[in-house]
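In: sequence? don't have it. structure:
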């Protein structure tokens with residue numbers, strides 16, 4: 001079975017592992033955001049949380065009502081801030097599918 005993301009889904013988890021080269025980045029003291037850019041050009045920003053204690057570089061965001069408001073191609077990118085440094089991850093592209101009803 002496919003693991004599709006659908007318009008209006010609530011509880012979809014977007015997870016990132018942040019790396020600098022081959023090494024994971026310790027996110028335990030980081031401020032973390034995830035940007036979602038929809039086909040229409042609309043960009044929303046959401047605050048991410050740690051998956052564990054941050055030393056594994058893992059962060060995530062779980063969608064709530066209204067987040068996945070458009071179907072079509074969507075780009076997502078994480079941003080971390082540690083001290084005065086700000087870094088962004090590679091952009092990932094996903095498709096948000098329409099529903100039958």
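Out: Cool, the structure landed. Just so it is clear, the model here is predicted, and its values are computed rather than measured.
In: Show me what counts as buried in the lengthiest strand in the chain.
Out: What stands out as the longest strand in the chain, according to DSSP state E, is strand 72-82. By neighbour count on 16 or more other C-beta atoms under 10 Å, the buried set for strand 72-82 is 74, 76-80. The C-beta positions use only the backbone N, C-alpha and C, and glycine is treated the same way.
In: What part of this structure, helix or strand, is modelled with the least confidence?
Out: strand 19-20 (a mean of 90; mean pLDDT, DSSP states H and E).
In: List the pairing partners of that strand within its sheet, with orientation.
Out: The pairing partners recorded for strand 19-20 under DSSP bridges are strand 23-24 (antiparallel).
In: per-residue confidence at residue 84?
Out: Here the pLDDT value assigned to residue 84 is 93.
In: Could you report the neighbour count for it?
Out: Burial measure for residue 84: 5 neighbouring residues, criterion other C-beta atoms under 10 Å.
In: ok, it - contacts?
Out: Neighbour list for residue 84: empty [criterion: C-beta atoms under 8 Å, 6 or more residues apart in numbering].
In: Residue 31 now?
Out: So residue 31 contacts 80-82 (C-beta under 8 Å, 6+ apart).
In: Run me through the strand neighbours of the longest strand of the chain, direction for each.
Out: As assigned by DSSP bridges, strand 72-82 forms pairs with strand 31-37 (antiparallel), strand 85-88 (antiparallel), strand 92-97 (antiparallel).
In: from the middle of its chain, how far away would that strand be?
Out: 5 Å (C-alpha atoms, centre = their mean, to the nearest Å).
In: residues in contact with that strand?
Out: 14, 16, 18, 25, 27, 29-39, 48, 59, 86-96.
In: beta partners of the closest residue to residue 86 other than its chain neighbours?
Out: Take residue 86 and drop its neighbours on the chain: the residue closest to it by C-beta to C-beta, 6 or more residues apart in numbering is residue 79, 6.6 Å away. Beta-bridge pairing of residue 79 under DSSP bridges involves residue 33, residue 88.
In: still on that earlier bit, just the buried residues of strand 72-82 now: which is nearest residue 55?
Out: Minimum distance to residue 55 across those is 13.8 Å, recorded for residue 80 (C-beta to C-beta).
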